[in-house]
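Chemist: no sequence for this one, just the structure:
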């Protein structure tokens, strides 16, 4: 089997991998490089061409792929660094798209945004069922805990052995809203030939805390705000439906109306509602800029009656929180207003700078910032150890970041008895044959 690393191995994001056996192949993910996107045209890249985006570094360069040999494109979950390049790349492929219900629901909205109508079929694969793709490949999804609904570990059954693609994962035995990680679902796959291991936080020791701990953090912070008469704003990842559920449930205890503001929030929440994954019936969800401004004008007159949940947790240009901070909306921050960051900053230079700039503006307005009310959706070294021990891979490919970021999981594997012959640290553009 041959692996071609198209994107996501020299940077955090832009995930795309090609797996080939003989003259058949399958693509895993087609993601955006988000820092390049949010810093260009305020994230509005719909008018840019495929070639312009490749040159910008915003999407993977797939020019080396023989499109006719690809039998399927598989999307493991719906984060944009895994599906966001599809509207720009997928039209050159003649194969079908595969994902879970929520992943495909979000993917379809991306094509709708560009008014694309493709001949490719969207094929839903339910958890724990196999789909025969072609002579050499069958694909299967196993439920994986991550920071989004319907996340899956993609299992590729091949004539050469099983491939487990874990981008993205954490091992969470007490999650919110979704099923817990089930050791048995993964141990029964052992041994696998290759594990592609999400190692974004392979440099962090111990195990990633459970989402239930983030829920308790939110509970504590909201309880402290009881009786507060100032504006309360919460920002988190728009795709993190379990986190939004906790924000809504504890926000309700303050007796305020909860309002979601932002285009991406609208997108991710509406698909979850359509699939009956969550009930936000009493929450106003507003995505269009003119309607957001209208609502913020209303909120500014009744600041103690609302909780604003909005985009902008990374300080992205054009996001709702940044526009509020830069006085581009009818809302004006006042001293002692509260902003809760239920997130951490994505570890790239661009996002770190954007977030620092946003915090500087808020600090200048004497806004109370409550930061890091969050646990990660990516596995630490402790998670990697568990997954390796469950799957017993012959080979491990470290993914989801540049070599200096992912190398910590190499040490995990070496301690478990692996050698450098079986642990692979690679970069974009490289090819590995196993």
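Modeler: That came through, no problem. Since we're looking at a predicted model, the values are computed, not measured.

Chemist: just checking, what's the longest helix in this structure?
Modeler: Assignment by DSSP state H gives helix 349-364 as the longest helix of the chain.

Chemist: Quick one: name whatever helix or strand follows that helix.
Modeler: Next helix or strand after helix 349-364 toward the C-terminus (DSSP states H and E): strand 368-370.

Chemist: Report the mean per-residue pLDDT for that next one.
Modeler: When the per-residue pLDDT values of strand 368-370 are averaged, the result is 97.

Chemist: go on, stretch 80-99?
Modeler: Stretch 80-99 shows a mean pLDDT of 95 in the predicted model.

Chemist: Now it: buried residues?
Modeler: When neighbours are counted by 16 or more other C-beta atoms under 10 Å, the buried residues of stretch 80-99 are found to be 80-91, 93, 95-99. The way it works is simple: take the backbone N, C-alpha and C, and place the C-beta from them, glycine included.

Chemist: Then stretch 318-332?
Modeler: By neighbour count with 16+ other C-beta under 10 Å, stretch 318-332 contains the buried residues 318, 319, 320, 321, 322, 323, 324, 325, 329, 330, 331.

Chemist: For residue 24, grab the count of nearby residues.
Modeler: A count of neighbours around residue 24, defined by other C-beta atoms under 10 Å, yields 18.

Chemist: How about the one 3 residues further on?
Modeler: Using other C-beta under 10 Å, residue 27 is surrounded by 27 other residues.

Chemist: Please apply the same query to the one 3 residues further on.
Modeler: Neighbourhood size, residue 30 [other C-beta under 10 Å]: 29.

Chemist: Residue 76 too?
Modeler: Using other C-beta under 10 Å, residue 76 is surrounded by 28 other residues.

Chemist: One more: residue 177?
Modeler: Residues contacting residue 177 under the criterion other C-beta under 10 Å number 16.

Chemist: on that earlier part again, from the buried residues of stretch 80-99, which land in strands?
Modeler: Counted as lying in strands by DSSP state E, out of the buried residues of stretch 80-99, are 96, 97, 98, 99.

Chemist: Please verify my assumption that the third one contacts residue 131.
Modeler: By that I understand residue 98. Yes. Residue 98 is in contact with residue 131 according to C-beta atoms under 8 Å; the separation is 6.8 Å.

Chemist: which residues are in contact with both of these two?
Modeler: 123, 125, 139 (C-beta atoms under 8 Å, 6 or more residues apart in numbering).

Chemist: Among the buried residues of stretch 80-99, name the ones in helices.
Modeler: Helix and strand membership here follows DSSP H; of those, those in helices are 80, 81, 82, 83, 86, 87, 88, 89.

Chemist: hmm, back to that, name the residues of the longest helix of the chain that come out as buried.
Modeler: Using 16+ other C-beta under 10 Å as the test for burial, helix 349-364 gives 350, 351, 354, 355, 358, 359, 361, 362.

Chemist: Let's have those in JSON lines, adding distance to residue 220 and pLDDT.
Modeler: Listed next are the buried residues of helix 349-364 as JSON lines, based on distance: C-beta to C-beta, whole Å; pLDDT from 0 to 100:
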{"residue": "350", "distance to residue 220": "32", "pLDDT": "83"}
{"residue": "351", "distance to residue 220": "26", "pLDDT": "86"}
{"residue": "354", "distance to residue 220": "28", "pLDDT": "92"}
{"residue": "355", "distance to residue 220": "23", "pLDDT": "95"}
{"residue": "358", "distance to residue 220": "24", "pLDDT": "97"}
{"residue": "359", "distance to residue 220": "22", "pLDDT": "97"}
{"residue": "361", "distance to residue 220": "26", "pLDDT": "97"}
{"residue": "362", "distance to residue 220": "21", "pLDDT": "97"}
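
Chemist: between those, which is nearest residue 103?
Modeler: Nearest to residue 103 among the buried residues of helix 349-364 is residue 351, at 23.6 Å by C-beta to C-beta.

Chemist: measure the closest one to residue 195 for me?
Modeler: Remark: distance between residue 351 and residue 195 (C-beta to C-beta, to the nearest Å) = 28 Å.

Chemist: Give me the below-cutoff pLDDT ranges for this protein.
Modeler: Scanning the chain with the threshold set as pLDDT under 70 gives 38-46.

Chemist: ok, now which ones touch the residue nearest the centre of the chain?
Modeler: With distances taken as C-alpha atoms, centre = their mean, residue 79 lies nearest the centre of the chain, 3.4 Å away. Listed by C-beta under 8 Å, 6+ apart, the contact set of residue 79 reads 31, 148, 168, 239.

Chemist: And residue 195, by the same measure?
Modeler: Per C-beta under 8 Å, 6+ apart, neighbours of residue 195: 163, 164, 166, 387, 388, 391, 393, 395, 396, 397.

Chemist: Any chance of CSV for these, columns secondary structure and distance to residue 225?
Modeler: Written out in CSV, the entries for the contacts of residue 195 read as follows (DSSP: H, G, I helix; E, B strand; the rest coil; distance: C-beta to C-beta, whole Å):
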residue, secondary structure, distance to residue 225
163, strand, 47
164, strand, 43
166, coil, 38
387, helix, 38
388, helix, 42
391, helix, 43
393, coil, 46
395, strand, 50
396, strand, 45
397, strand, 45
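
Chemist: which of those lies closest to residue 210?
Modeler: Scanning those for proximity to residue 210, where the rule is C-beta to C-beta, the winner is residue 387, at 15.8 Å.

Chemist: pretty sure the closest one contacts residue 166?
Modeler: Yes. The pair residue 387 and residue 166 passes the contact test of C-beta under 8 Å, sitting 6.5 Å apart.

Chemist: Can you pull the residues that touch both of these two?
Modeler: 195, 197.

Chemist: Quick check: residue 223 is in a helix.
Modeler: Yes. Looking at residue 223 with DSSP: H, G, I helix; E, B strand; the rest coil, it is inside a helix.

Chemist: Count the neighbours of it for me.
Modeler: For residue 223, the tally of surrounding residues (other C-beta under 10 Å) stands at 11.

Chemist: Pull the contacting residues for it.
Modeler: When contacts are counted by C-beta under 8 Å, 6+ apart, residue 223 is found next to 250, 253.

Chemist: try 10 Å this time
Modeler: 250, 253, 254 (C-beta atoms under 10 Å, 6 or more residues apart in numbering).

Chemist: Equivalent analysis for residue 128, please.
Modeler: Residue 128 is in contact with 140, 141, 142, 143, 155, 185, counting by C-beta under 10 Å, 6+ apart.

Chemist: Just the ones of the buried residues of stretch 318-332 in helices?
Modeler: Cross-referencing the buried residues of stretch 318-332 against helices under DSSP H gives 320, 321, 322, 323, 324, 325.

Chemist: And for the last one, nearest residue in space, chain neighbours not counted?
Modeler: Closest residue to residue 325 in three dimensions, ignoring its sequence neighbours and counting by C-beta to C-beta, 6 or more residues apart in numbering: residue 361, at 4.4 Å.
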